[in-house]
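*Asks:* no sequence for this one, just the structure:
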């Protein structure tokens, strides 16, 4: 098993500074306001229901998912050729290709491109890869001002927080809080929390930004090997407003964004937004093939641990992800713990199987932040076996020594007891005796149970004991 | 070794054994009333479809929905009294005051209400995004059932930039309240012609 | 047909009535059932915590206890799923593989092997059916709400054979209850909140009883109901299908 890659960029997430708390601890904090948990849960469940409604309009939905999964399997199996093909075709189209081994190199390429044009301000549309690389912080340290143009990302940027969801960056924020941020930073009247009004304010504020920025950065949803074009999907039109006005357009993509041919876009564009928000397609699905006259277009192809993940047989198909966020919306844990509890750029179930590849120690808690209910795998449009990978990561994390000592000891004891019938039957009886006669003295390690739950009334005898008395010999 | 060579070598080393691409032909759309479906879906995503007989109807619509002095641009010679944008040589930024743009669409997709806009037919790619209101002219018989049919029709078309646009610009980032008119056009009208 | 009865450890220890009901129900249906006394646990609590490598002893014991039977039946979707997916024995891989395919969760054994079409049971109450995830999404005991596919429910079809029962509707038909094995203590806050929300859905729809194929989920929900002082009871599905849910 390949070793996890340490993130070269040691800057911590704004929220993660809080004592390096793990998912359970951060969830505990999130759950101190139960009304808010209910609100968060209901909001995301509503999106899950919109997704259900949309996908049920396509009788071929399941075969569409299967087809997408097979296309991605093909891509991963021939990725080196596809990358070369993409590079050749994009270059022929007049796009400059850059390669970045890790986050640091990616950020440095962006900076050098901006400095080469003497650009100190950039407008950026949504790119989870740049969140993964902590690009904004890096550029800020180097005197470059970045404005995020997706409304949700702009909101969390003003709040100095990372996005809590890959598709809905500020889904954790209430409109009143957003109104307050806009009041503070954009001069809207205090107390105005009307989404229509706030969106219009952002439109005016960002239009000015689009018109004055000479550089833009976008993500890449799909990169077509056969044509060298790439597709960027937005509902707001912010990627296009940036790209078609700026002198230089930089697009950042992970190596896994490749698809073989243009016709395969049909499969993925049908799946992406239905899974994400329940819309039949995003408002804009823009196909960039060549820079416009007088413009420069650059693509940065980033590894940052992806080739290592590709080598992990049990986990490689996490690279099929198209970043729709459906696994987050359906996840009963995510809905009740919030995206920030995952202390990683990509939260939720998919984040929990991607993050340990980057840093197994730092993200050792994430594969355990699940009940393994399996809903994530069922909504995944490219059929990633997310919950199976969560299970497998648990095994890898324990084998690599990232389980706490106490847990290790109790597991060894449990293993011994449960594989030794004579010990089990004594342990079982004693356990019940303790529970019955000293309910407050019960094994302290499992005390969290009692915070919100009782244990059942212990019966007089176990089934095994009853069977021995009443059934044995009667057979 | 350059990062490029390092990455490509690592990919080649770590990628699994080759598996074939699946056939996707079976996903092509079935026959049905694509026009009706297109109108239904476009309406549901906040767009508007208007069946017209001739350019006169479109000209009348423009007169009705704009004020004198509004900047209205079009790529169609048939649109009288509006600024012809085909030969625009200025900066894209100077298009920021466009109130209404009337442009052509290559095809429409019934399943999602999207239209295919060929950016290369526009003097500036930003036109359909920067205008306050967008109107698109689409021939009824250019409407296909689904995205697979759409890409079959697009085929190997060579373009610098093209885009699918489905309805007006929108966002639901604030508490999932749908707001039309985020950064792009506030409204989208599709004129369906024979 | 000889059937080995596998009773999960926590059912053995805390819910003997569910185990008795399973035994009686199978016997009533004419099955020759034996409970090998030296059984303990399927090993899932360790495996799900990342310690699958420590389950060798559990696996060997399970094979020793059950290899001789035509089928193994357990009143738990979760334990059965674990055996189906993870039962292995490096020394006897074929024996382990054969055995894992013979392990059945109770309701699917009734519908798929015994092909039961009627049950002599009566339960005139409003009952909420909890879809335990491992049984549903793991063993496909019933259709999953995420998929575009025709509906079915093996446990549901059996409950419909019970006279007088009224299965209540739910807002979220197959949301996880939050038990999740050691998740219930390691992630206490989310686990308890999930349990509260699940229970609330049943209460809102007037459930007198909550039932399901997994006693572990039910234990979790019972713990919450009890803490809330609710009169609503949990029952393993075997207790309803057997027609004699409550023993003193």
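*Replies:* Alright, I've got the coordinates. Not measured: the values here are computed from a predicted model.

*Asks:* report the contact partners of the residue in chain C that chain A sits nearest to.
*Replies:* The nearest approach of chain C to chain A comes at residue C:57, 2.6 Å away (CB to the nearest CB). C-betas here are computed from N, CA, C, even on glycine. Neighbouring residues of residue C:57 by CB atoms under 8 Å, 6 or more residues apart in numbering or on different chains: A:415, A:416, A:418, A:419, A:420.

*Asks:* redo that, cut-off 7 Å
*Replies:* Residue C:57 sits next to A:415, A:419 when contact means CB atoms under 7 Å, 6 or more residues apart in numbering or on different chains.

*Asks:* surely residue C:102 and residue C:73 touch.
*Replies:* No - using CB atoms under 7 Å, residue C:102 makes no contact with residue C:73, being 9.5 Å away.

*Asks:* give me phi/psi at the closest residue to residue A:82 other than its chain neighbours?
*Replies:* Excluding the flanking residues, the one nearest residue A:82 by CB to CB, 6 or more residues apart in numbering or on different chains is residue A:225, at 4.2 Å. Main-chain torsions, residue A:225, degrees, to the nearest 10: phi -60, psi -40.

*Asks:* for the longest helix anywhere in chain C, name the packing helices and strands.
*Replies:* Ranked by residue count and defined by DSSP state H, the top helix of chain C is helix C:188-204. Of the remaining helices and strands, those touching helix C:188-204 by 3 or more CB pairs under 7 Å, 6 or more residues apart in numbering or on different chains; DSSP states H and E are helix A:23-30, helix A:332-337, helix A:449-452, helix C:215-227.

*Asks:* which non-adjacent residue is nearest the residue in the stretch 101-250 of chain A that chain B sits nearest to?
*Replies:* Closest contact between the stretch 101-250 of chain A and chain B, by CB to the nearest CB, is at residue A:237 (2.7 Å). Among residues not flanking residue A:237 along the chain, residue B:184 sits closest, at 2.7 Å (CB to CB, 6+ apart).

*Asks:* list the contacts for the one you found?
*Replies:* Going by CB under 7 Å, 6+ apart, residue B:184 touches A:236, A:237, A:240, A:241, A:284, B:129, B:169.

*Asks:* can you tell me which of those are in helices?
*Replies:* Using DSSP H, the contacts of residue B:184 in helices are A:240, A:241, B:129.

*Asks:* need the buried ones from those selected in ChimeraX.
*Replies:* Burial among the ones in helices among the contacts of residue B:184 is assessed by 16 or more other CB atoms under 10 Å in any protein chain shown; the matching ChimeraX selection reads:
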select /A:240,241 /B:129
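
*Asks:* per-residue pLDDT of residue A:457, please?
*Replies:* Turning to residue A:457, the model gives it a pLDDT of 74.

*Asks:* span of stretch C:38-55 from start to end?
*Replies:* Stretch C:38-55 has its terminal residues 16 Å apart, counting by CA to CA, to the nearest Å.

*Asks:* is chain A contacted by it?
*Replies:* Yes - against chain A, stretch C:38-55 shows contacts by CB under 7 Å from any CB of the partner chain at C:38, C:40, C:41, C:43, C:45, C:46, C:48, C:49, C:50, C:51, C:52, C:54.

*Asks:* chain B: which of those is nearest?
*Replies:* Using CB to the nearest CB, the residues of stretch C:38-55 next to chain A come closest to chain B at residue C:52, 23.5 Å.

*Asks:* look at the residue nearest to residue A:237 and give its secondary structure.
*Replies:* coil (DSSP: H, G, I helix; E, B strand; the rest coil).

*Asks:* return the nearest residue of chain A with respect to chain C.
*Replies:* Closest point on chain A to chain C, by CB to the nearest CB, is residue A:419, at 2.6 Å.

*Asks:* for residue C:199, see how far away the closest residue to that residue other than its chain neighbours is.
*Replies:* Computed as CB to CB, 6+ apart, the closest residue to residue A:419 that is not its neighbour in sequence is residue C:57, at 2.6 Å. Noted for residue C:57: a distance of 36 Å to residue C:199, by CB to CB, to the nearest Å.

*Asks:* okay, the helices and strands packed on helix C:188-204 in TSV with distance to residue C:178 and mean pLDDT next?
*Replies:* Output for the helices and strands packed on helix C:188-204, formatted as TSV (distance: least, CB to CB, whole Å; pLDDT from 0 to 100):
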stretch	distance to residue C:178	mean pLDDT
helix A:23-30	12	95
helix A:332-337	7	98
helix A:449-452	10	82
helix C:215-227	7	94
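
*Asks:* residue C:184 against residue C:191, yeah?
*Replies:* Yes - under the criterion of CB under 7 Å, residue C:184 makes contact with residue C:191 at 4.6 Å.

*Asks:* how about residue A:337, nearest residue that isn't a chain neighbour?
*Replies:* Nearest non-adjacent residue to residue A:337, counting by CB to CB, 6+ apart: residue A:27, 3.8 Å away.
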